[in-house]
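J.: give me the fold of what follows.
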Amino acid sequence: MTKYQVKIKLKEGIKDIEAETLMTFVNASDGIRNIKTGSIYYVEAEDDANIEQFVKEYLINDQLDEYEIIVDKSVNLQTDGYTYYT
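T.: As a prediction, this is how the structure comes out:
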């Protein structure tokens, strides 16, 4: 059994309406200059599963999205209520 993280975001040049909306609420004094939205899926699969085929068929739109598949990023750090994976 193998664990994966699949990170998906819009390709460069595709309008990110959700991020643009968030930016309307941010003040310049906050120090935030840019926001990009995306999704992370946590997948556990058999060792011989074709995870890339799964991602292409079920999780992304080839025209809009780019993705990254990361194998077994199991170390997580808890900080101020947020979980960061390294």
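J.: pLDDT weak spots in this protein?
T.: Along the chain, the parts satisfying pLDDT under 70 run over 28, 73-86.
J.: assign the residue in it sticking out farthest from the centre to helix, strand or coil.
T.: Ranked by distance from the centre of the chain (Cα atoms, centre = their mean), the top residue is Ser29, with 26.8 Å. Three-state call for Ser29 (DSSP: H, G, I helix; E, B strand; the rest coil): helix.
J.: need the contact partners of the helix ranked longest in the chain.
T.: Under DSSP state H, the helix in the chain containing the largest number of residues is helix 17-23. Contact with helix 17-23 is made by Ile32, Asn34, Ile35, Lys36, Thr37, as judged by Cβ atoms under 8 Å, 6 or more residues apart in numbering. Quick note: C-beta positions are derived from backbone N, CA and C, even for glycine.
J.: immediately after that helix, which helix or strand?
T.: strand 38-45 (DSSP states H and E).
J.: which neighbouring elements make contact with that next one?
T.: Helices and strands touching strand 38-45, as assessed by 3 or more Cβ pairs under 8 Å, 6 or more residues apart in numbering; DSSP states H and E, comprise strand 2-10, helix 51-54.
J.: could you rerun that using 7 Å?
T.: Here strand 38-45 touches strand 2-10, going by 3 or more Cβ pairs under 7 Å, 6 or more residues apart in numbering; DSSP states H and E.
J.: how far does the strand it packs on sit from its chain's centre?
T.: Once both centres are worked out by Cα atoms, centre = their mean, to the nearest Å, strand 2-10 turns out to sit 6 Å from its chain's centre.
J.: likewise for stretch 25-37?
T.: The answer for stretch 25-37 is 19 Å, by Cα atoms, centre = their mean.
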